[in-house]
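Student: Model the structure of this input:
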Amino acid sequence: MMKRYLLLAIALFAIYLSHADTLRLMHYNLMQYSNNYSGCVSNFTAKDAALRTIIAYIQPDIITVNEIGNTMSYPRRFLDSCLNIQGNNNWGMGDLTSASGGSSITLANMIFYNREKLTMHSSYYVANSVRDF
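Tutor: Modelled structure (predicted):
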């Protein structure tokens, strides 16, 4: 009788584990994804093509980036050109982190996430003299 309960417990645990999911996290320095700075030319066509290749290979669920332009046009471009492509529309993004930077801070950090697995509950930034995060 004890063996049956043990087998049942193992079977239930195996079923529980089969429903578990994993999240794959990727961080990428976009290297001045907005500006021409010290030889980092923002050739968006070339950068976006390379990023699509990398993202397709890694298949992340969460992508954090740094050195993206501090206006929403740059995260929107990344979202539309690198993530939500070929009929895929499951990527969302957080809030831009340069809210306190003013005109002196030209780069920001950003988070993108797979909306099939995750939901943005809330976000906030930590102000810094170099770059908010």
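Student: Show residues contacting stretch 51-67.
Tutor: 23-33, 78, 81-83, 85, 107-114, 117-118, 131 (C-beta atoms under 8 Å, 6 or more residues apart in numbering). For every residue, glycine as well, the C-beta is placed using N, CA and C.
Student: Pull out the buried positions in that stretch.
Tutor: Burial within stretch 51-67, assessed by neighbour count using 16 or more other C-beta atoms under 10 Å, is assigned to 51, 55, 60-61, 63-67.
Student: tell me the two of those residues that are most distant?
Tutor: D61 and E67 (21.7 Å; C-beta to C-beta).
Student: Tell me which of the contacts of stretch 51-67 fall in strands.
Tutor: Using DSSP state E, 25-33, 107-114 are the members of those that sit in strands.
Student: can you give me the helices for the protein?
Tutor: With DSSP state H applied, the chain shows helices at 2-18, 44-58, 73-78, listed in chain order.
Student: Tell me which of the ones you listed lies nearest to Y124.
Tutor: Across those, Y124 has its closest neighbour in helix 73-78 (16.6 Å, C-beta to C-beta).
Student: Would you mind pulling up the elements that that closest one packs against?
Tutor: Helices and strands touching helix 73-78, by 3 or more C-beta pairs under 8 Å, 6 or more residues apart in numbering; DSSP states H and E, are strand 25-33, helix 44-58, strand 62-69, strand 107-114.
Student: mind checking which of those is nearest A11?
Tutor: Proximity to A11 (C-beta to C-beta) singles out strand 107-114 among the helices and strands packed on helix 73-78, at 30.6 Å.
Student: Point out the other helices and strands that that closest one packs with.
Tutor: strand 62-69, helix 73-78, strand 91-93.
Student: any idea how far it is from the chain center?
Tutor: How far strand 107-114 lies from its chain's middle: 5 Å, per C-alpha atoms, centre = their mean, to the nearest Å.
Student: Much appreciated, bye for now.
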